[in-house]
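Peer 1: Structure, please.
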Amino acid sequence: MKKYIILIFTFISFTSYSQFQNGGMQGQRQRQMPQTQRAAPEPNYEVEKYLGIVVYDIEKAAKKSGVKLSSEEGKKFSEALTVYNKKIKDLRRINSFTLKSTKEMVENFQKKAIETGDNTGQIEIQKTMMEDLKPISEALKNEDLKFDASIKSILSEKQYEKWTKYNRKLYKVFPEPEDKKEEE
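Peer 2: Reported below is the predicted structural model:
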């Protein structure tokens with residue numbers, strides 16, 4: 001009989017202790033993690049990234065492509081990058097007003113959408129943005145095609161493969177060469 005009483009006593013002790021422990025832990029969790037609302041982050045739309053505007057770091061591009069800048073090939077590569085960077089900077093400077101106004105338009109829409117939860121004007125904003133940026137996009141495409149042709153003539157096939165891989169990481173995608181399209 002004493003064994004049963006001791007067994008019941010220990011069972012009740014363990015269950016009450018575990019219930020107390022669980023209740024205590026929940027109270028601690030609630031005290032440790034206060035419920036606070038975080039403010040929504042400020043919209044930061046990167047128009048240049050959307051368009052694919054990249055100004056290359058010559059040394060990094062040479063390293064990623066496997067080109068030694070001290071060689072004759074490296075000098076041509078460096079010169080081609082310098083010319084391209086200058087053209088892109090000029091294009092960006094000439095169209096700075098359009099880029100800035102597009103960025104402000106998109107960010108203002110994003111702020112308004114966050115505050116109100118209303119995204120109904122999104123399609124109109126996208127259409128306006130595409131219309132505004134189309135001339136810049138076409139000019140960039142033409143410059144990229146010229147630049148790609150000059151780089152392809154300078155680099156070996158292996159270096160060119162490394163170059164395109166590096167470019168894709170920078171959000172630049174070159175069109176497929178015409179000879180590959182014809183094979184399919």
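Peer 1: now the helices for this structure?
Peer 2: 2-32, 47-51, 58-65, 72-94, 96-116, 122-154, 157-169, 178-183 (DSSP state H).
Peer 1: Nearest approach to P41 belongs to which of the ones you listed?
Peer 2: Ranking those by proximity to P41 (CB to CB) places helix 96-116 first, at 9.0 Å. Bear in mind the C-beta positions are built from the backbone N, C-alpha and C, glycine included.
Peer 1: Give the buried residues for the closest one.
Peer 2: 99, 102-103, 105-106, 109-110, 113 (16 or more other CB atoms under 10 Å).
Peer 1: and stretch 91-107, how far out from the chain's middle?
Peer 2: The chain centroid and the centroid of stretch 91-107 are separated by 19 Å, computed with CA atoms, centre = their mean, to the nearest Å.
Peer 1: Repeat that for stretch 105-117.
Peer 2: Stretch 105-117 sits 20 Å away from the centroid of its parent chain (CA atoms, centre = their mean).
Peer 1: got a list of contacts for it?
Peer 2: Residues outside stretch 105-117 that contact it (CB atoms under 8 Å, 6 or more residues apart in numbering): 40, 42-45, 47, 118-119, 121-122, 125, 128-129.
Peer 1: which residue packs closest to L69, ignoring adjacent ones?
Peer 2: Nearest non-adjacent residue to L69, counting by CB to CB, 6 or more residues apart in numbering: A62, 5.2 Å away.
Peer 1: Share the number of residues neighbouring that neighbour, please.
Peer 2: 22 (other CB atoms under 10 Å).
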